[in-house]
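**Student:** Fold the following, please.
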Amino acid sequence: MFLLLNILWFFRESKYILFWLYLWQLKEYHIGRLLDHFRTDKGRKLILSPILFAKVILLALFLANSSLFSFIFLILFLIYLFESAVFLKSILAKQAKKPVITSKTLFLIFVSFALAIAFAGASIQWLLAFDILTPLIISAAVLFFQPFFVFARNNILKKAKQKINSFQNLTVIGITGSYGKTSTKEFLATILSGKFKVVSTREHQNSEVGIARCILNDLGAEHQIFIVEMGAYKKGGIKMLCDMAKPRIGIVTGVNEQHLALFGSLDNLLSAEGGGELAEALPKNGILAVNGDNKYCLDLLERSNNLLPNREKKYALSNKIIDADIWTEDITVEKDSISFVAMNKNKEMGHFKINVLGKQNIYNLLGVILVARELGMSFDEISNACKNIKQEQAGMILKQGKHGVDLIDSSYSANPDGVFADLDYLSIFPNKKAIIMPCLIELGPKSAEIHQKIGGKIGEVCSLAIITSKDKFEYLKKGAGEAGMEPGNILLCDNPEEISTIISLFCKAGDAVLLEGRVPNRLVKLLSE
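**Tutor:** Below is the predicted model of the structure:
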């Protein structure tokens, strides 16, 4: 019987080893991001679960009175049997959380399982202690070996820096900001590929190691343009990326408070994600293009004095408020496309129709058009190249859901500006509209205020809202209620099957549902046709 208990313990332990390594990887091994996760409702449940509390009591009872061994053994056996069954079910449903396999995760998996095997067969109190302390043990293993990974990382960065320095005629374009980085990178790569040999960082390759690997594996002597998406979670992070990649052109897509909790202060955020470090890293004759309708980007231009005159460029929807270098006229937003006329100070213009969703993409496209013009492409060349842009490159896809419902999948990620923009796009649909989204994370002290504003926008646009996480639900509900939404129409639910049922009862053919932020993949499948 004790052998069976050990087998169940090890099977259960396998689940949590993989889960905690998955969580560390998801937070990019950034301790600040991991700690911030425990401020969320889901994070708190990890360390305050009833089962964990029961195990602590069982361990305390055993240490206090070993004569209760049989009772404790039986209860623990049933708990491990239950946890193993839940893990097996998640495996069969392909829903088990596990890290993406890399050389780093493979090493950490090996170390973690070696520790678990060393404890297998130990007395019941040691099994319980290892079980209870699994999050700390796995975290300790990650942090203990982190210096070795940092050494290996620095070696990769050094090789990447040496390689990129060997290319004399390469133009590097760095893109940063709180939102819109990936779409801007994708649009720019597609458009510039119409005239140049282009390589760009791949999906999720916006950290130092990801960019370095792209340089080492993908960048070749034949390339003329290298487009680098730059992300950071601390002051100095973008500077490090610039020291390696050496950008000549910089784009700042827009700045908000999305990662304020991680940076610790607005000044730190503006230095890194806000474009300050990118602006300082550009050569004197470089080009800095910023979103002129974003107050933080305009502040960046006020502070920046690194570039020669007329090398700082602004793009905006209109030139009536600011002196923009490129702006738009005649904007039309349809369900499956946007169109507009772009104009610049030289009185050049071009007509653009692009198969992407939502007015917010015009900002990213304007920044791209501006840079493409600076690199010598004509408006006609850029307009023709835009025809190759695909809907998914903008991070939002319109597809047919079940029962004829329009399903807008914007589940890649979420930030405050993105939520407002997606709700604006949702508003063009004529019939009933619903949104499904989690509360946003890493917003710092402004989180409650931002969620209340988002709730107000939801109340203006939607007839139904389903919120999948609890953290700031009350503020979303308050904002939606103040905007006129019935209290019963903003719901808290995280079960994909239940959400699917609610949507099927509420929506009919011609209605629209917006999936905003990281909702479960299971839910996307349930709602899709």
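
**Student:** I'd like to know the phi and psi angles of V199, please.
**Tutor:** The phi and psi values for V199, taken as degrees, to the nearest 10, are phi -130, psi 150.

**Student:** With K55 instead?
**Tutor:** Dihedral pair for K55: phi -70, psi -40, per degrees, to the nearest 10.

**Student:** you'd agree it is up against L128?
**Tutor:** Yes: the pair K55 and L128 qualifies as a contact (Cβ atoms under 8 Å) at a distance of 5.9 Å. Where C-beta positions appear, they are placed from N, C-alpha and C, glycine not excepted.

**Student:** Which neighbours do these two have in common?
**Tutor:** Taking Cβ atoms under 8 Å, 6 or more residues apart in numbering as the contact rule, K55 and L128 both touch L76.

**Student:** which element follows the lowest-mean-pLDDT helix or strand in the chain toward the C-terminus?
**Tutor:** Counting by mean pLDDT, DSSP states H and E, the chain has its least confident helix or strand at helix 260-263, which shows a mean of 64. The C-terminal neighbour of helix 260-263 among helices and strands, as given by DSSP states H and E, is helix 266-271.

**Student:** Just give me how far that next one sits from the chain centre.
**Tutor:** 19 Å (Cα atoms, centre = their mean, to the nearest Å).

**Student:** Show me what it is packed against.
**Tutor:** helix 260-263, helix 295-303 (3 or more Cβ pairs under 8 Å, 6 or more residues apart in numbering; DSSP states H and E).

**Student:** now do 6 Å
**Tutor:** In this structure, helix 266-271 packs against no helix or strand, with contacts taken as 3 or more Cβ pairs under 6 Å, 6 or more residues apart in numbering; DSSP states H and E.

**Student:** export that helix as PDB, just CAs?
**Tutor:** Presented in PDB, the C-alpha positions along helix 266-271 are these (Å, rounded to 0.1, in the frame of the first residue of the first chain):
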ATOM      1  CA  LEU A 266       6.500  55.500 -14.400                       C
ATOM      2  CA  ASP A 267       9.900  57.000 -14.900                       C
ATOM      3  CA  ASN A 268      11.400  53.500 -15.200                       C
ATOM      4  CA  LEU A 269       8.700  52.400 -17.600                       C
ATOM      5  CA  LEU A 270       9.200  55.500 -19.800                       C
ATOM      6  CA  SER A 271      12.900  54.900 -19.800                       C
END
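
**Student:** How many residues are close by Q391?
**Tutor:** As a burial measure, Q391 scores 16 neighbours (other Cβ atoms under 10 Å).

**Student:** just the helices in the stretch 301-450 of the chain please.
**Tutor:** Applying DSSP state H, counting those that start in this stretch to the stretch 301-450 of the chain gives helices spanning 361-374, 379-386, 416-426, 447-461.

**Student:** Tabulate those in JSON lines, adding columns for distance to K508, mean pLDDT and mean neighbour count.
**Tutor:** Compiled in JSON lines, the helices of the stretch 301-450 of the chain are given as follows (distance: least, Cβ to Cβ, whole Å; pLDDT from 0 to 100; neighbours: other Cβ atoms under 10 Å):
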{"stretch": "helix 361-374", "distance to K508": "29", "mean pLDDT": "96", "mean neighbour count": "25"}
{"stretch": "helix 379-386", "distance to K508": "35", "mean pLDDT": "96", "mean neighbour count": "18"}
{"stretch": "helix 416-426", "distance to K508": "17", "mean pLDDT": "93", "mean neighbour count": "21"}
{"stretch": "helix 447-461", "distance to K508": "18", "mean pLDDT": "95", "mean neighbour count": "21"}
